[in-house]
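> Quick one, what's the 3D model for this:
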Amino acid sequence: MESETLPDETTKTTTPPAVPNLKDIDLRPEGTRFILVDPAGTIYSLKKTLMQDVGFFERDFLYRAGVAGARESLSLVDSKTLPMDPRKALEAMLDVFAKRGYGTFTIQEIDLDKRIVRLTSPDTAEGWSFQRNNDLQREPVCAYARGMLAFVCGAALLGDIHGDPSFTAHETECIGAGAKECVYMVGPMAELAKLTPDLDVPKGSFAEHELRLNEEILVKNLELQGLNLELERQVRKRTDDFWRSEENYESVMRQSPDPIALITMAGKLTHLNSAGLKMLGYDSEDDILDVNISSILLDREHGWEKIIWTIEKEGRAAGLEMALVDKSGNRLTSQVYARFAELAPGRCVEAIFKDVTEQKAMEEQIREARLESDFLNDLLSHDIINYTVSALHFLGSVRKSEQMTEDARKKLDVITKDIQGAVDLAISVRDLARVKMADQESVEETKDLQLLVAEAIEESKMMYFDRNTKFDFQRSTEPRFARVGALVSRLFANLITNSIKYDQHEVVAIDVTISDAEHDSVQYWRTEIADRGIGIPDSDKKQVFVRFKRGNTKVAGTGLGLFVAASIAKASGGQVWAEDRVPGDSTKGTKMVVLLPKADARQIAQLRTRGPAASKT
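Residues are numbered from 1 along each chain as shown. Here you go, the predicted model:
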């Protein structure tokens, strides 16, 4: 309903109207023009229309409308007329909107320090309209009220009628979603985010052309989805038609060199090709009509359940090793490849049983042969080393005899050199075999490098008992735990015996240090073994670690020792290389550098829980 009163021409005046006080705003149907409207019904219709046209953008539009409406309503108010008390100023502002029919708002809590306000309303225009129309929503609906409250609370708490853009409002409960009253939290966005993890922050405005573009993209996506669904239906139909073609399917089964079976979900064999009949010892498919798959699986029902479980979990069974029993009771080993298939008369399992019985038997023979070879290698190496070391001890005593002539002593030195070479070869062959076995087993342990180096020093002294060796091993009071393989002590023994072998001085001096190091962001222990021997030229520093490659030297050797050392380091995740003891002068001796990864805190803790003896193993 609309009423209009025109002013009398004789009463016109040019005096501008005074800015009204907040309490002077009169909402009665008097004045120049006034329109009576139903806010609840209007907003409800608007919200429903926007929901259909722009979806989730509706809340952002109405939130901004609430901010704009509050700004427009309070634009005629002089901020100087607002009460000084923020609470009273806010109550006065809220009363304006209550008179306009947007709902009654009550201040429940107000925190002036953080500028946060909690309000409630039992009858907001938005929420009440959904409640009245029995159209309860899953989420709060009062977007317009949130925008209005954000602007009003900012204006009241700051004493500025223009509001504060940093203020926002969040609705936690809503009568439009079935609650007894609407509950709002209003304040600066940064403070509300701390209190409300699911804070609904309104998005900025969207240009009309952007919305149209989004709409076009949405339509195109829907069209593409429809096209994809149609293509999927066509592909599925053609695939099903092909596999349902009994003639084509049977042709594939007949020509396959591997056994193919079709099995119902209950485990009944319905088809088995000629390769399958031959493998299981049946004459024709008629012989398998009453055979259940569990009767040819060694694990019976459990084996069939395992196949089904694997397909359901992974989509198919690929290379699942299972034992079969043929018609005569002979055991076979097969790899099963299976999947679900939709074939007449319904869902079934399509399975390929690849016979790997001979392959497994051959693998077992190879494994046993390797074990026997390793045993013989260890046995022969052990005996050869023991016999030759004893011979070396004996020859060393004979050489010291005063009755031996100089010519005989020279001949004895040749024999001793050859026996020493045999010892080195036997040790290298034994270590090389163990390294290959360690690569296959990949067993790592947490060990104290200082103990391993000490063991290697003692072993080297025993091996070269006739040499005067002096070791300067700078040991720390704290363990140097590393994560290494079982043969690391042999790594250090090879490097130390090499240093002794290639040092012709009367006294062989060797320095050993262990320190921290980092390489490619990995923490290592750096072990240095420095001698004063003949040294290694730069041109040979890399090739001495290659199998059967030796430096330019007259000292006898096998060309395996340093290769074995490098192989052990690599198997433990480390590396080894050669440097000059005196930088730039290779004739002053060699420094062998070994990097081995440090054990982490968890591995060290596990070691210590097993007792102090564990680190010595």
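> name the helices or strands packed onto the helix or strand W525 falls within?
Using DSSP states H and E, W525 falls within strand 522-530. Using 3 or more Cβ pairs under 8 Å, 6 or more residues apart in numbering; DSSP states H and E as the contact test, the elements touching strand 522-530 are helix 449-463, helix 488-501, strand 507-519, strand 585-597. The way it works is simple: take the backbone N, C-alpha and C, and place the C-beta from them, glycine included.
> mind putting these in a markdown table, mean neighbour count and distance to S328 included?
As requested, those are exported to a markdown table (neighbours: other Cβ atoms under 10 Å; distance: least, Cβ to Cβ, whole Å):
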| stretch | mean neighbour count | distance to S328 |
| --- | --- | --- |
| helix 449-463 | 19 | 57 |
| helix 488-501 | 24 | 52 |
| strand 507-519 | 16 | 61 |
| strand 585-597 | 20 | 55 |
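> Among those, which comes closest to L46?
Closest approach to L46 among the helices and strands packed on strand 522-530 (Cβ to Cβ): strand 507-519, 66.3 Å.
> how far out from the middle of the chain is the closest one?
38 Å (Cα atoms, centre = their mean, to the nearest Å).
> same question, stretch 284-301
43 Å.
> Buried residues in that stretch, which are they?
I288, V291, N292, I293, I296, L297 (16 or more other Cβ atoms under 10 Å).
> gap between the two ends of it?
24 Å (Cα to Cα, to the nearest Å).
> what's the average pLDDT for it?
Averaging pLDDT along stretch 284-301 yields 83.
> returning to what we had before: in JSON lines: the helices and strands packed on strand 522-530, plus mean pLDDT.
Shown next, in JSON lines, are the helices and strands packed on strand 522-530 (pLDDT from 0 to 100):
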{"stretch": "helix 449-463", "mean pLDDT": "88"}
{"stretch": "helix 488-501", "mean pLDDT": "86"}
{"stretch": "strand 507-519", "mean pLDDT": "92"}
{"stretch": "strand 585-597", "mean pLDDT": "92"}
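> Using the record's assignment, carve the protein into domains.
With domains defined by automatic domain parsing, the chain comprises 18-206, 246-355, 443-616.
> any chance of these in JSON lines, plus distance to E232?
Formatted as JSON lines, the domains of the chain follow (distance: least, Cβ to Cβ, whole Å):
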{"stretch": "domain 18-206", "distance to E232": "27"}
{"stretch": "domain 246-355", "distance to E232": "15"}
{"stretch": "domain 443-616", "distance to E232": "47"}
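> Select, out of those domains, the one closest to E223.
Closest among the domains of the chain, using Cβ to Cβ: domain 18-206, at 18.1 Å.
> Which of the helices and strands packed on strand 522-530 sits closest to E58?
strand 507-519 (58.2 Å).
> what comes into contact with that closest one?
Identification of contacts with strand 507-519 by Cβ atoms under 8 Å, 6 or more residues apart in numbering yields 449-450, 453, 457, 467-476, 480, 496, 499-500, 523-532, 595.
> For it, which strands pair with it and how are they oriented?
Using DSSP bridges, strand 507-519 pairs in its sheet with strand 468-473 (parallel), strand 522-530 (antiparallel).
> Taking helix 488-501 as reference, get the angle to that strand.
Using axes from the mean of the first three to the mean of the last three Cα atoms, to 10 degrees, the inter-axis angle of strand 507-519 relative to helix 488-501 is 140 degrees.
> quick one: secondary structure of T270?
strand (DSSP: H, G, I helix; E, B strand; the rest coil).
> ok, now which ones touch it?
Contacts of T270 (Cβ under 8 Å, 6+ apart): L262, I263, T264, C348.
> Among these, which ones are in strands?
L262, I263, T264, C348 (DSSP state E).
> Can you tell me which of those is nearest K180?
Minimum distance to K180 across the ones in strands among the contacts of T270 is 57.8 Å, recorded for C348 (Cβ to Cβ).
> and the angle from the strand holding W525 to strand 585-597?
Orientation check (the same axes, to 10 degrees): strand 522-530 against strand 585-597 gives 150 degrees.
> Name the residues of strand 522-530 that come out as buried.
Within strand 522-530, judged by 16+ other Cβ under 10 Å, the buried ones are Y524, W525, R526, T527, E528, I529, A530.
> Could I get the full set of strands for the stretch 201-350 of the chain?
260-264, 269-272, 317-325, 331-343, 346-355 (DSSP state E, counting those that start in this stretch).
> so which of these comes closest to G485?
Nearest of the strands of the stretch 201-350 of the chain (Cβ to Cβ): strand 317-325, 29.3 Å.
> Between strand 331-343 and the closest one, find me the angle.
Calculated by the same axes, to 10 degrees, strand 317-325 forms an angle of 130 degrees with strand 331-343.
> and strand 317-325, what other elements does it pack with?
helix 300-314, strand 331-343.
> deepest of the ones you listed, which one?
For these, the largest average neighbour count (mean count of other Cβ atoms under 10 Å) is found in strand 331-343, namely a mean of 17.
> pLDDT of that one, averaged?
86.
> Check whether P140 really touches I175, as I assumed.
No. P140 is beyond contact range of I175, at 9.2 Å (criterion: Cβ atoms under 8 Å).
> can you list the weak-confidence ranges in the stretch 201-350 of the chain?
203-215, 238-255, 344-345 (pLDDT under 70).
> returning to that earlier point: turn the contacts of T270 into a markdown table, including neighbour count.
Putting those into a markdown table (neighbours: other Cβ atoms under 10 Å) gives the following:
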| residue | neighbour count |
| --- | --- |
| L262 | 18 |
| I263 | 22 |
| T264 | 15 |
| C348 | 20 |
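> tell me which of those residues is nearest to G69?
C348 (66.8 Å).
> Check the contact between the closest one and L262; I expect there is one.
Yes. Judged on Cβ under 8 Å, C348 makes contact with L262 at a distance of 5.4 Å.
> A530: what's it in contact with?
By Cβ under 8 Å, 6+ apart, the neighbours of A530 are I510, D511, V512, R581, G589, T590, K591, M592.
> make it 7 Å
Counting by Cβ atoms under 7 Å, 6 or more residues apart in numbering, A530 touches I510, D511, R581, G589, K591.
> Where does the prediction get shaky in the stretch 501-617 of the chain?
Using pLDDT under 70, the stretch 501-617 of the chain drops low at 548-559, 610-617.
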